[in-house]
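>>> let's see this in three dimensions:
(2 chains)
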2 protein chains.
Amino acid sequence: MIEIIRPTFVIDKEVCLQNIERMAEKAKTHNLRFRPHFKTHQSAKIGEWFRLFGVDAITVSSVSMAEYFAMNGWDDITIAFSLNILEMGNINRLAASVKLNVLLENREAAEILSSQAKAPIGVYLKIDTGYNRTGIPSTRTGLIDSILDIIATNPKITFKGFLTHTGHTYEARSTNEIFSRQFDALLKLRSLKAAYKRRFPNVEISMGDTPSASICNNFGGVDELRPGNFVFYDLMQHSLGACSMKDIAVRMVCPVVAKHVSRNEVVIYGGAVHFAKESILNTDGKPLYGRIVIEKDGEKQLLDTNNYLSRLSQEHGVIKMTPTNLREINVGDLMKVIPVHSCLTANLAKTYMTTEGEEISTANT
Amino acid sequence: MIEIIRPTFVIDKEVCLQNIERMAEKAKTHNLRFRPHFKTHQSAKIGEWFRLFGVDAITVSSVSMAEYFAMNGWDDITIAFSLNILEMGNINRLAASVKLNVLLENREAAEILSSQAKAPIGVYLKIDTGYNRTGIPSTRTGLIDSILDIIATNPKITFKGFLTHTGHTYEARSTNEIFSRQFDALLKLRSLKAAYKRRFPNVEISMGDTPSASICNNFGGVDELRPGNFVFYDLMQHSLGACSMKDIAVRMVCPVVAKHVSRNEVVIYGGAVHFAKESILNTDGKPLYGRIVIEKDGEKQLLDTNNYLSRLSQEHGVIKMTPTNLREINVGDLMKVIPVHSCLTANLAKTYMTTEGEEISTANT
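The predicted structure is shown next:
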C-alpha cells in the first residue's frame, strides 16, 4: 500500500471490471464487435482487464496512442481521428506490424494515403451525423464516391465502412434526446450501408459514444461499438443519465492544506494540472469541477451539491462545503473528489493507483 | 531542426530572454530580490536562461517541483503553496540540502512543521490580500501571533516575512483595477511589516503576480518579486493589458486534418490534452481558446478575433475562420495558435521546441 501524500488518481478496479463486463455483454447481446476506445485510460495494464472479457480490437485517438498499445501487444487498432497526413511515416511503420484502420473525410488526405500507403491498411469514412466537428455529411455521396475512387487506386487499402462519433449526445438535455440523436445517426448510417452494400458487401457501421452506448438498445444494422469513457464514467456521464453514481470508478484523492471557516471553504492540493478545467453547471448555476465523497461510520457517502469543488487554479482547488460537513474536515485529511471528465483527469496523471494500493502505469508514465 | 508532425509547444527563446531581462531590470530598479516563479515553464533548461540575468533564487508551487529544480542545481527555493503536512518527509530531505522556504497560514500546519522540522527552514506567512483563495487576512494579527509563537519553539525555523499572491488582478476589468488591487495589497503588507519590524527586524514583504509585476511601479516597502507567467505571457495576460502581443513567446503548432468550408471551420490535431481547457471571452461573447498567427509574404501576422480556436475536445480543436482566411489553409498545414493560459498549456507538453528547432526537456519529460 503506497501512502497518498500528493494528488492521486485512484481507481476502483472492481467497478471498472463491472463496467467493462456490462458493456462487453451488451455488445454480445446485440451481435456487435466490441472495439473499446482506449483514450480514456491510456494504460496497457487496464487494457489487460479488457482481455478478460474477450476484447482483442481497440480504438485510439492518435498515432502515438496506437504506437503505445501496439508496443503493448495489441494488433488490431483503429485510429479514430481524421488522418493526419504528416504522420504517414509512423502510420506505415505501424501498419506493417498490426492490423490498422484509419479515418478519412476529405480528398486531400485520401490522395496522400493512396500514394503513400505501403502496408495493408483499413479505411473507415468518418460520417458527421450531427456533431459538426469532423466528418462527411451522410448526404454528400459525391464526396464519398470520389474518396472511394481515390483509395481504390492503391490495392493495399481496404474500405471497411462508415464510422461516426455522435458526440452531440453530450449536449443532450435529456435521455430522450440521447435516444433520438443516436437513432437519427443510425438511420443516416443505415441508408449509407444500404447504398454501398452492392459495391462493398462487407461494408460496416461503426458507432459508439459512451452516453448512447450506455443507454440505447437499438443497434440494428450496426457492426461495431466503440465507447471509451464507460470504463471509468464520471460526473458528466452521470448528469447525462449514462451511469449511476456507483458506476463511477474514479476519484482524485487530494490533501487538505487549509480550511477557511468564514467562507465555508476547504483548500486542497489539487488544481487544474490534476483535474483539468472541465466543469458542469451545479444546481446553484455555478461551475462545478468535482463532487465530494466522505467516509462516515465506515460507509462511503456522497455529499450533496452544496459541497463541491468550485474553483481551480494551477495547483489549488477550493471546495465549498456546508458548515456541518466542513466541521468534519481537518488540515492533512485526504479529500475524495469525483471528477467531471475522467478522460481529461486521467490524462494528467502520470500513474494511477487502485483502491488496493497497486500502482498502474500509463502511456504518460 | 525537428520536423513538426504532432501538436508542439513552440517557444521563441529571444522573446523569453527579453521578457526575463525586462523583469530582472525592473526588480533591480526597484531594489527587489527577483525570485521568479518556475511553475510556468517547469524546465531546468529554461531555468538556465534566468541565470544569465543574475537569478539565483526561485519560487515553485509544489514539493515535487522543488525536488526537480533542486536536482538541477537550484539551492534557494520558496515553495509558494500552503504547507502540505503529508509531505514533511520530503520537505525535511529537501531542507537538508538547499535553502528552503515554506508557507504557513494556519496553526495545524504550524504545529506539524514545528514538531517535525529537522533542518533549517524559512517560513513566510501567507497573507490573503483579497484573492480569497488561501492566506490569513492581514487584520487577523491574533492568528499571526499564535503561528509565530508555535514556530518560535523550533530553533531550526526562521520567520522570513509576509507573502501574498494578488491573484485577483486576473479578475480585473481594467489596468486601473490592477493598479488599485496591487496598491491595496501593498498597504496591507506594509502595515504588517511596520507592526512586526520591532520583533523581527528583517521581516520581508514578498509579492508578485504577473499582471501587477508587469504594469505597476509602486513597490515601496516590498523586498521580493515572484512573477512566473511573464516568461511566456499569453492571451489572458494580453487581455489584461500586462503585455503586448509581441511579448507572447509561445505558440501551439498543430497539423490541420480537415477543412469544413460550409461552416468556415478548420479542424486541427490539438485538443484539450494539448491546450488545456482555459478560455477567455471572445469579442463575439463566445469562449476563445486561442488566436491564430499566419505567415504572409514572409511576415508574421496575427489574425483578428473572427479567426479563433473555438472548441476543444480531447484531441481535436475547431478553428473558426473568415472565408478569406480559410481559403489559404490546406489539410496538412501547420496552424500556429497562441494559447490562452501558457502555464496550463506548457504543463501538458512533455517537451518544448524552440523556434530554432532545439528540443527543451521539462519536469514532465
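
>>> which residues of the stretch 101-250 of chain A lie near chain B?
For the stretch 101-250 of chain A, the residues in contact with chain B under the definition Cβ under 8 Å from any Cβ of the partner chain are A:Glu105, A:Asn106, A:Glu108, A:Ala109, A:Ile112, A:Asn132, A:Arg133, A:Thr134, A:Gly167. (C-beta placed from N, C-alpha, C; glycine too.)

>>> confirm the third one sits in a helix?
Yes - for A:Glu108, which was evaluated using DSSP: H, G, I helix; E, B strand; the rest coil, the result is membership in a helix.

>>> tell me which element A:Val102 is part of?
Using DSSP states H and E, the element containing A:Val102 is strand A:99-104.

>>> show me how chain A divides into domains.
In the domain annotation for chain A, the residue ranges read A:13-232, A:245-361 (automatic domain parsing).

>>> packing partners of the strand holding A:Val102?
For strand A:99-104, the helices and strands in contact under the criterion 3 or more Cβ pairs under 8 Å, 6 or more residues apart in numbering or on different chains; DSSP states H and E are strand A:76-82, helix A:88-95, helix A:107-116, strand A:121-128.

>>> quick one: that strand to strand A:121-128, angle?
What separates the directions of strand A:99-104 and strand A:121-128 is an angle of 40 degrees, with axes from the mean of the first three to the mean of the last three Cα atoms, to 10 degrees.

>>> mind listing what strand A:99-104 pairs with, with the direction of each?
Here strand A:99-104 has these sheet partners by DSSP bridges: strand A:76-82 (parallel), strand A:121-128 (parallel).

>>> can you list these in a markdown table and add mean pLDDT and mean neighbour count?
Output for the strands paired with strand A:99-104, formatted as a markdown table (pLDDT from 0 to 100; neighbours: other Cβ atoms under 10 Å in any protein chain shown):
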| stretch | mean pLDDT | mean neighbour count |
| --- | --- | --- |
| strand A:76-82 | 98 | 23 |
| strand A:121-128 | 98 | 23 |
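
>>> next, the angle strand A:121-128 makes with the longest helix seen in chain A.
Assignment by DSSP state H gives helix A:175-196 as the longest helix of chain A. Relative orientation of helix A:175-196 and strand A:121-128, computed by the same axes, to 10 degrees: 130 degrees.

>>> mind listing what's buried along helix A:175-196?
Along helix A:175-196, these residues count as buried under the neighbour rule (16 or more other Cβ atoms under 10 Å in any protein chain shown): A:175, A:178-179, A:181-182, A:185-186, A:188-190, A:192-193, A:196.

>>> which outside residues touch it?
Surrounding helix A:175-196, the residues in contact under the criterion Cβ atoms under 8 Å, 6 or more residues apart in numbering or on different chains are A:127, A:129-130, A:138, A:141, A:144, A:161-162, A:164, A:166, A:168-169, A:172, A:203-205, A:207, A:211-212, A:215-216, A:218-222, A:240-242.

>>> go with 7 Å
Applying Cβ atoms under 7 Å, 6 or more residues apart in numbering or on different chains, the set of residues contacting helix A:175-196 from outside is A:127, A:129-130, A:138, A:141, A:162, A:164, A:166, A:168-169, A:172, A:203, A:205, A:207, A:211-212, A:215-216, A:218, A:221-222, A:240-241.

>>> hmm, which of those are the buried ones?
Taking 16+ other Cβ under 10 Å as the criterion, what is buried in these is A:127, A:129-130, A:138, A:162, A:164, A:166, A:168-169, A:172, A:203, A:205, A:207, A:211-212, A:215-216, A:222, A:240.

>>> in strands, which of those appear?
In strands, defined here by DSSP state E, the members of these are A:Ile127, A:Phe162, A:Ile205, A:Met207.

>>> so the last one touches A:Gly167, yeah?
No - if you go by Cβ atoms under 7 Å, A:Met207 and A:Gly167 don't touch, sitting 11.3 Å apart.

>>> quick one: residues contacting A:Ile5.
Contact analysis of A:Ile5 by Cβ under 7 Å, 6+ apart lists A:Pro255, B:Leu86, B:Glu87.

>>> which of the residues of the stretch 101-250 of chain A next to chain B has the most neighbours?
Compared across these, A:Glu105 has the highest neighbour count, 27 neighbours, by other Cβ atoms under 10 Å in any protein chain shown.

>>> and that residue, what pLDDT?
At A:Glu105 the predicted local distance difference test score is 98.

>>> do A:Arg173 as well
The pLDDT attached to A:Arg173 in the predicted structure is 88.

>>> likewise A:Glu295?
87.

>>> for it, which non-adjacent residue is spatially closest?
Closest residue to A:Glu295 in three dimensions, ignoring its sequence neighbours and counting by Cβ to Cβ, 6 or more residues apart in numbering or on different chains: A:Gln301, at 7.3 Å.

>>> helix or strand for that neighbour, which one?
Per DSSP H and E, A:Gln301 falls inside strand A:299-302.

>>> after that strand comes which helix or strand?
In the C-terminal direction from strand A:299-302 (assignment by DSSP H and E), the next one is strand A:308-312.

>>> dump that next one to CSV, restricted to CA.
Once non-C-alpha atoms are left out, strand A:308-312 reads as follows in CSV (Å, rounded to 0.1, in the frame of the first residue of the first chain):
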residue,chain,number,x,y,z
TYR,A,308,-18.4,20.7,-4.4
LEU,A,309,-15.1,21.7,-6.0
SER,A,310,-15.9,25.2,-7.0
ARG,A,311,-12.5,26.8,-8.2
LEU,A,312,-9.3,25.5,-9.7
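
>>> packing partners of that strand?
For strand A:308-312, the helices and strands in contact under the criterion 3 or more Cβ pairs under 7 Å, 6 or more residues apart in numbering or on different chains; DSSP states H and E are strand A:287-288, strand A:290-296, strand A:316-320.

>>> by contact count, what packs against the shortest one?
For strand A:287-288, the elements it packs on are strand A:280-281, strand A:308-312, judged by 3+ Cβ pairs under 7 Å, 6+ apart.

>>> tell me which of these sits most buried.
Across the helices and strands packed on strand A:287-288, averaging neighbours per residue (mean count of other Cβ atoms under 10 Å in any protein chain shown) puts strand A:308-312 on top, at a mean of 23.

>>> between strand A:316-320 and it, find me the angle.
Going by the same axes, to 10 degrees, strand A:308-312 makes 140 degrees with strand A:316-320.

>>> name the SS class of the residue in chain A sticking out farthest from the centre, please.
Among the C-alpha atoms of chain A, the one farthest from their average position, using Cα atoms, centre = their mean, is that of A:Ser262, at 39.4 Å. For A:Ser262, the secondary-structure state derived from three-state DSSP is helix.

>>> who's in contact with the lowest-mean-pLDDT helix or strand in chain A?
Comparing every helix and strand of chain A by mean pLDDT, DSSP states H and E singles out strand A:299-302 as the least confident one, with a mean of 90. For strand A:299-302, the surrounding residues in contact (Cβ under 7 Å, 6+ apart) are A:Met245, A:Arg291, A:Val293, A:Ile294.

>>> count the residues that sit near the last one.
Which is A:Ile294. 16.
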